[in-house]
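1. no FASTA, just this:
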């Protein structure tokens, strides 16, 4: 079973995303910010990271920039999942190494199609 | 109270039945039971626009008056216009990686003709245009025609405009294609003029077709047949056959098959899930072909 790390400071978003991802037969872990996510990735690399942009301690973009220097067995696919819907933000995320981009609000079908695009399902 | 409820549900069934008959008469589509429960919701905007209280009143109004405009609006509302970009990811991977390169290798006259039949709001046709534009180097010097038809005037109007809400561009469209081929507008995201210029969107009825002018190299009629009764599916396969040539590739929806209709098409030997004309129906090529 593929593993997804949901990184979001909102407990509600993590819960909603978990529900959708589990219905797609993925096992789910949660992180509350970028630093927490980095620590969890170093402990056990997930197949895919669903990543919020604005978070305390370490933002999604800072996580993405720190990822190449982290001690991670295999780089996970990164799907940004954020309310930052401007084309400038989307381009910046892709240039920083994000594999896909989901604009909030999103639904199960959207998430499923993005996971298929990055080859996780 | 129980008797009233029973009469109400019975009457409601009659209204939906009358509107289903209208849909079938105009489009050939059958409103299956699983779509009937959504019909009332789909008709709400029409009811509001005409100040009608419910489906029963609407059906009674149409029975008493010859209101062609309202009939057209009802039919349009009852059509299922669900679509998404790159719907069924693997199918589009096969088109990109196998079907289009095969056509490119065969057509010596450097002409590519595609028909998206039952295109709804255009996502399928735009997905094909994106694939071709992403591979522009290999298609340099080719004459490319994409015809996209649908019976719904509303859907074709939206398709031509090329503006899709955020939720639509998120379903199936890779982020790199979103950045490259769409621009943000107030209503959502608008397809690049280059994409819009590649596709000829036409309102057309598959049971009384005026738009197609085949043969086409690639025909997509996906998630369309399932809305029609068996006899009408046979007529549609005849139509698709008339607009095919010996190397045409036909793609149907995931739950649809050409089997059981007198074999107008057979399973394609090279492309999984695709169809082609049977050898007995494959006449001489009508254009220059490269042969191995």
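-> Noted; the coordinates are in hand. Please read all numbers here as calculations on a predicted model, not as lab measurements.
2. Name the residues of the longest helix along chain A that are buried.
-> For chain A, the longest helix by residue count, based on DSSP state H, is helix A:11-23. Buried residues in helix A:11-23, counting neighbours by 16 or more other Cβ atoms under 10 Å in any protein chain shown, are found at A:13-14, A:16-18, A:20-21. Yep, even glycine has a C-beta here, placed from its N, CA and C like the rest.
3. Now do the same contact list for residue 29.
-> This is for chain A. Taking Cβ atoms under 8 Å, 6 or more residues apart in numbering or on different chains, we find residue A:29 in contact with A:3-6, A:40, A:46.
4. not what I meant, chain B
-> B:23, B:79, B:227-228.
5. So which of those residues is the closest to residue B:17?
-> Using Cβ to Cβ, residue B:23 comes nearest to residue B:17 of the contacts of residue B:29, at 10.7 Å.
6. wait, that closest one sits on residue B:32?
-> No: using Cβ atoms under 8 Å, residue B:23 is not in contact with residue B:32; the gap is 11.1 Å.
7. Those two: which is more packed in?
-> residue B:23 (22 against 10; other Cβ atoms under 10 Å in any protein chain shown).
8. what about the more buried one, helix or strand, and which?
-> Counting by DSSP states H and E, the element that carries residue B:23 is helix B:2-27.
9. Can you identify the element that follows that helix toward the C-terminus?
-> helix B:33-49.
10. Following element in sequence after that following helix, please.
-> Scanning forward in sequence from helix B:33-49 by DSSP H and E, the next helix or strand is helix B:55-64.
11. elements contacting the helix or strand following that next one?
-> Where DSSP H and E defines the elements, the next helix or strand beyond helix B:55-64 is helix B:68-78. Counting contacts by 3 or more Cβ pairs under 8 Å, 6 or more residues apart in numbering or on different chains; DSSP states H and E, helix B:68-78 packs against helix B:2-27, helix B:33-49, helix B:55-64, helix B:153-161.
12. And for helix B:68-78, what's in contact with it?
-> B:19-20, B:22-23, B:26-27, B:31, B:39, B:42-43, B:45-46, B:49-50, B:58, B:61-62, B:152-154.
13. Could you check the angle it makes with helix B:33-49?
-> 140 degrees (axes from the mean of the first three to the mean of the last three Cα atoms, to 10 degrees).
14. Can you list the residue ranges for strands in chain A?
-> For chain A, applying DSSP state E gives strands covering A:3-7, A:27-31, A:48-51, A:77-82, A:100-103.
15. Return the most buried member of those.
-> strand A:48-51 (a mean of 28; mean count of other Cβ atoms under 10 Å in any protein chain shown).
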